[in-house]
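>>> What shape does this take:
(one chain, ligands or ions: 2)
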Amino acid sequence: MNSYDFGAGPADMSKPCLPDRFTPLFHTSSWKGLDARERLRYNQLHALYFNEQLAFFEDGLADRLLAAALRLPLEPALSRRLSDFLAEEERHTDMFRRLNRLYSPALYESEHYRFVKVGAAGRALLDWAASKPALFPLFIWVMLLQEERAVYYSREIIRSGDALEPHFVAAHRLHLADEAGHVRYDEDLIALFWAGASPRLRAVNARLLRWALAEFFNTPKRGTLSVLDELCREFPRLAPEVPGMKREMLALTGDEDYERTLYSRGIVPKAFSLLDQWPELAQLSKVMMGYRPGEAAA
Ligand SMILES: [Fe+2]
Ligand SMILES: [Fe+2]
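Ligands and ions are numbered 1, 2, ... in the order given. Okay, here's the model as predicted:
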């Protein structure tokens, strides 16, 4: 059984935690203006934010959605798979929170989320909607896209090996061991809730999904910008540069090369091939530039 033990001991602050290409600033010209220490620290802070995002979706979305699915009369084998899925996500949330606290006790002393900020009303709305997968099946696509992307990122982090911080590599190895199975279980949920919805409900959910992807997933906003604020707090010489850095990050919206680093057939092949089966989801290509319905895998 997976013990979710990514190792004790102090974090290795001399190493980055993610490949730089997984951070948005790397894709802007501002990156060239940072010195080696600033680049390293930006990478580390963005990695903490990335872990927060993983924990937020496991805790705020997957947990609610799976608990709701488990209240339905399901065939026993599916019910068992979804119970395991739910239990694993709860352990992942705990693991990523422990990892962030080990890595940066000062930032996570009193809160789980330093960069992901969702107000009480937004959180209540998400909790309510995620608990109703029959009415809001769009969240299953959100989960599938996030989980398959997490699998890709974990593989790339593991592939980078010794170049990255060892606790992060160990945690992503543990996460990967479960997530590949989750991507398969998401298919069960699509069969259950998306295929089971009326064409009219699917059309409404397709529009909501398009909005949600544009607003929360595809482009650098809120959390990514607050990572820069923290970097500036630690390196005050960057203060005059930060507005320009933020402008450049926001301008990545609609940059096809950048968007293809987030979602592409190479990164989320299963999700894209499942999206292809539903004509109402072809419109997602407008907000997810790496998605071209029906395009052959590269
Ligand atoms: Fe997970
Ligand atoms: Fe998962």
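>>> switch to C-alpha atoms for all contacts and neighbour counts from now on
Noted.
>>> How many neighbouring residues does residue 128 have?
With neighbours defined by other Cα atoms under 10 Å, the count for residue 128 comes to 14.
>>> Equivalent analysis for the one 4 residues further on, please.
Here the neighbour count serves as a burial measure; for residue 132 (other Cα under 10 Å) it reads 17.
>>> ok, now which ones touch it?
Residue 132 makes contacts with 65, 68, as judged by Cα atoms under 8 Å, 6 or more residues apart in numbering.
>>> let's see it at 10 Å
64-69, 139 (Cα atoms under 10 Å, 6 or more residues apart in numbering).
>>> Mind checking which of the residues you listed land in strands?
In this view, the contacts of residue 132 have no member that belongs to strands under DSSP state E.
>>> buried subset of those residues?
Buried subset of the contacts of residue 132 (neighbour count, 16 or more other Cα atoms under 10 Å): 64-67, 69, 139.
>>> Tell me where the model's unsure across the stretch 101-250 of the chain.
218-219 (pLDDT under 70).
>>> what packs against the host helix or strand of residue 173?
Element membership of residue 173 [criterion: DSSP states H and E] is helix 166-189. Judged by 3 or more Cα pairs under 10 Å, 6 or more residues apart in numbering; DSSP states H and E, helix 166-189 is in contact with helix 36-57, helix 63-70, helix 76-103, helix 138-160, helix 269-275.
>>> In CSV, list the C-alpha atoms belonging to it.
Output of helix 166-189 as CSV, limited to C-alpha atoms (Å, rounded to 0.1, in the frame of the first residue of the first chain):
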residue,chain,number,x,y,z
PRO,A,166,14.2,15.2,-4.1
HIS,A,167,11.0,15.5,-2.0
PHE,A,168,9.1,16.9,-4.9
VAL,A,169,10.3,14.1,-7.2
ALA,A,170,9.4,11.5,-4.6
ALA,A,171,5.9,13.0,-4.1
HIS,A,172,5.2,13.1,-7.8
ARG,A,173,6.3,9.5,-8.1
LEU,A,174,3.8,8.5,-5.4
HIS,A,175,1.1,10.6,-7.1
LEU,A,176,1.7,9.1,-10.5
ALA,A,177,1.3,5.6,-9.1
ASP,A,178,-2.4,6.4,-8.4
GLU,A,179,-3.3,9.0,-11.1
ALA,A,180,-2.9,6.8,-14.1
GLY,A,181,-5.7,4.7,-12.6
HIS,A,182,-7.8,7.8,-12.0
VAL,A,183,-7.7,8.8,-15.6
ARG,A,184,-9.3,5.4,-16.4
TYR,A,185,-12.0,5.9,-13.7
ASP,A,186,-12.8,9.4,-15.1
GLU,A,187,-13.9,7.5,-18.2
ASP,A,188,-16.4,5.6,-16.1
LEU,A,189,-17.7,8.9,-14.8
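>>> now the angle from it to helix 76-103?
160 degrees (axes from the mean of the first three to the mean of the last three Cα atoms, to 10 degrees).
>>> follow-up on the earlier one: report the two of the buried ones among the contacts of residue 132 separated the most.
The largest separation in the buried ones among the contacts of residue 132, counting by Cα to Cα, is between 67 and 139 at 13.5 Å.
>>> Next, give phi and psi for the residue of the chain positioned farthest from its centre.
Taking Cα atoms, centre = their mean, the residue of the chain most remote from its mean C-alpha position is residue 237, at 30.8 Å. Reported as degrees, to the nearest 10, the phi and psi values for residue 237 are phi -60, psi -20.
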